[in-house]
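Asker: here is a sequence with its predicted model. Questions after.
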Number of protein chains: 4
Amino acid sequence: MTNIPFSLELKVRDYECDMQGIVNHAVYLNYLECARHEFLLSKGLSFAELTARGVTIVVIRAELDYRQALRTGDKFQVTVSARQVSRLKLVFDQEISKLPEGKLMLQAQITATSINQRKRPYFPEELKALL
Amino acid sequence: MTNIPFSLELKVRDYECDMQGIVNHAVYLNYLECARHEFLLSKGLSFAELTARGVTIVVIRAELDYRQALRTGDKFQVTVSARQVSRLKLVFDQEISKLPEGKLMLQAQITATSINQRKRPYFPEELKALL
Amino acid sequence: MTNIPFSLELKVRDYECDMQGIVNHAVYLNYLECARHEFLLSKGLSFAELTARGVTIVVIRAELDYRQALRTGDKFQVTVSARQVSRLKLVFDQEISKLPEGKLMLQAQITATSINQRKRPYFPEELKALL
Amino acid sequence: MTNIPFSLELKVRDYECDMQGIVNHAVYLNYLECARHEFLLSKGLSFAELTARGVTIVVIRAELDYRQALRTGDKFQVTVSARQVSRLKLVFDQEISKLPEGKLMLQAQITATSINQRKRPYFPEELKALL
């Protein structure tokens, strides 16, 4: 049994590039979120539905290593895999690679937890599907 | 002589909030960049002019610790101080605190370097003004 | 009694500029929204509270005339005034002018209406405060 | 020979939705730009290359009619066709329709012109390929 991470293909949009002509560094967090939410969907979980039901998943830590900058016209792949690192915390290991050659552009570790309606952290049953 | 970090006051804009009603986690990188570029200006350096002259400052690592979420209507302060951590790398230590009470919302370490026109890292003379 | 429109001062953020080095044309809609929501607040109305109470104000038409482009470092003023144009529709007349000289950069007419929880348009009593 | 407009398929990203749970109205200008730039590419023109060569295409007027709001998870199609309306002006007629049913969500007319390096409007030879 292999352990291939979830993967989403995207393409740089020109408005995501800043005056340096490269994708602004903040935009990578958008790409990563986009891939995580598609990963959730692939496991039968909708971020929007979870939110509507009061299951609030929040990012509590992000570590991003920028290797190379994406540019206008670039196609890329965003991968996601999840692991539980403590009773309440999930880590999403993510990478962005340029297509078609697969050159690594960014590595990230995104740590998330859930907050219930009384703003207390907890680990929702649903998220076990990600592991 | 005191060592008070540079500080910028901003207010949450409603379009920066997502369906959870809180500021989307990617937007904090925009706030941090905004404060860094104002910090540069306060030292006589314009990010846009540096870029136009071929001095490309790039973020190579970002570490963000999200403590509490900013919400619609919140005013906040973003601080910046810079230190050189190696021959080629600057670290910006930054914090976001909610106003007026000063509650810490986010802590970040943003590591940057410069790339010359042949895409080689170097440490431009101008950036010494930040230290 | 004079009729001075509501006005908000902002400054261009570098990440709002695109590869042309000017503020991306979509960002002006953010500036305009920001000023309208501050205008609401000045009349005692919070967009977020209205939304939370099920009063959904939606833009149904936007007309934007771009005169000159804002650039990095520019300070500008966004004005707002509101008028009711039909039983269900409000028009916000808005202008963006560069500071300090007051040069007109953009003119806009934003038409809005409200949708109730059954997705039917109506004109909430609260919005009369804007007129 | 039919005259089918250029068309691009996209999917709503969750960070594009605001606290109302719908795509923020400013984001549609991003979608429209994205489709126009892909339309240019389909005609052998790269917006980024044009910009690098000093051919600056700018939006001078945008008219947007919002019919229905896109929501999280929605897939949609953005169409583009171009026509020259005066010596110096191009109009892009664009529509956004929800997939798979093709329900019309937004109609837009985006008027653009080009500015040369002395900031004078002109009509670059290259853009004739769009007509």
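Answerer: Nice, I can see it. Residues are numbered from 1 along each chain as shown, chains lettered A, B, ... in the order given.

Asker: so how far is C:Arg67 from A:Gln20?
Answerer: A:Gln20 sits 27 Å away from C:Arg67, going by CB to CB, to the nearest Å. Every residue, glycine included, has its C-beta placed from N, CA and C.

Asker: now A:Ala82
Answerer: Counting by CB to CB, the gap from A:Ala82 to C:Arg67 is 49 Å.

Asker: which element is the closest residue to A:Leu8 other than its chain neighbours on?
Answerer: Once flanking residues are discounted, A:Leu8 sits nearest to A:Ala35: 4.4 Å by CB to CB, 6 or more residues apart in numbering or on different chains. If you go by DSSP states H and E, A:Ala35 is part of helix A:27-42.

Asker: now that helix, how far from the centre of its chain.
Answerer: 4 Å (CA atoms, centre = their mean, to the nearest Å).

Asker: what's next to it, contact-wise?
Answerer: A:6-8, A:10, A:16, A:46-47, A:50, A:62, A:64, A:66, A:76, A:78-80, A:82, A:92, A:94, A:96, A:106, A:108, A:110, A:130, B:24-26, B:29, D:13-15, D:73 (CB atoms under 8 Å, 6 or more residues apart in numbering or on different chains).

Asker: restricted to helices, list these.
Answerer: Those of the contacts of helix A:27-42 mapping onto helices are A:Phe47, A:Leu50, B:Leu29, per DSSP state H.

Asker: from chain D, how far off is the first one?
Answerer: Same thing as A:Phe47. 6 Å (CB to the nearest CB, to the nearest Å).

Asker: what about that residue, how many neighbours?
Answerer: 22 (other CB atoms under 10 Å in any protein chain shown).

Asker: and the gap between A:Glu95 and D:Asp93?
Answerer: 40 Å.

Asker: check A:Asp74 too.
Answerer: From A:Asp74 to D:Asp93 the distance is 29 Å (CB to CB).

Asker: which one of these two is surrounded by more residues?
Answerer: A:Asp74 (18 against 14).

Asker: please verify my assumption that that one contacts A:Val12.
Answerer: Yes: the criterion here is CB atoms under 8 Å, and A:Asp74 meets it with A:Val12 at 4.7 Å.

Asker: please see if stretch A:60-75 touches chain D.
Answerer: Yes: counting by CB under 8 Å from any CB of the partner chain, chain D is contacted by stretch A:60-75 at A:Arg71, A:Thr72, A:Gly73.

Asker: list the residues that contact the closest residue to the first one other than its chain neighbours.
Answerer: Nearest in space to A:Arg71, with sequence neighbours left out and distances taken as CB to CB, 6+ apart, is A:Ile22 at 5.6 Å. With contacts defined as CB under 8 Å, 6+ apart, the neighbours of A:Ile22 are A:Ala69, A:Leu70, A:Arg71, B:Val58.

Asker: show me what contacts A:Glu9?
Answerer: A:Lys75, A:Phe76, A:Gln77, A:Val78, A:Leu99.

Asker: pick the one among these closest to C:Pro121.
Answerer: A:Val78 (39.3 Å; CB to CB).

Asker: and the gap between that closest one and A:Leu45?
Answerer: 18 Å.

Asker: give me the more crowded residue out of those two.
Answerer: When neighbours are counted by other CB under 10 Å, A:Val78 comes out ahead of the other of A:Val78 and A:Leu45, with 26 against 18.

Asker: so the more buried one touches A:Ile96, yeah?
Answerer: Yes: A:Val78 sits in contact with A:Ile96 when judged by CB under 8 Å, with a separation of 5.3 Å.

Asker: for chain A, what lies in contact range of chain B?
Answerer: Counting by CB under 8 Å from any CB, chain A sits next to chain B at A:19-20, A:22, A:24-27, A:29-30, A:33, A:48, A:51, A:56, A:58-66, A:69.

Asker: tell me how far the residue positioned nearest the centre of chain A lies from chain C.
Answerer: In chain A, the centroid-proximal residue (CA atoms, centre = their mean) is A:Leu32; its distance is 3.3 Å. Separation of A:Leu32 from chain C (CB to the nearest CB) stands at 17 Å.
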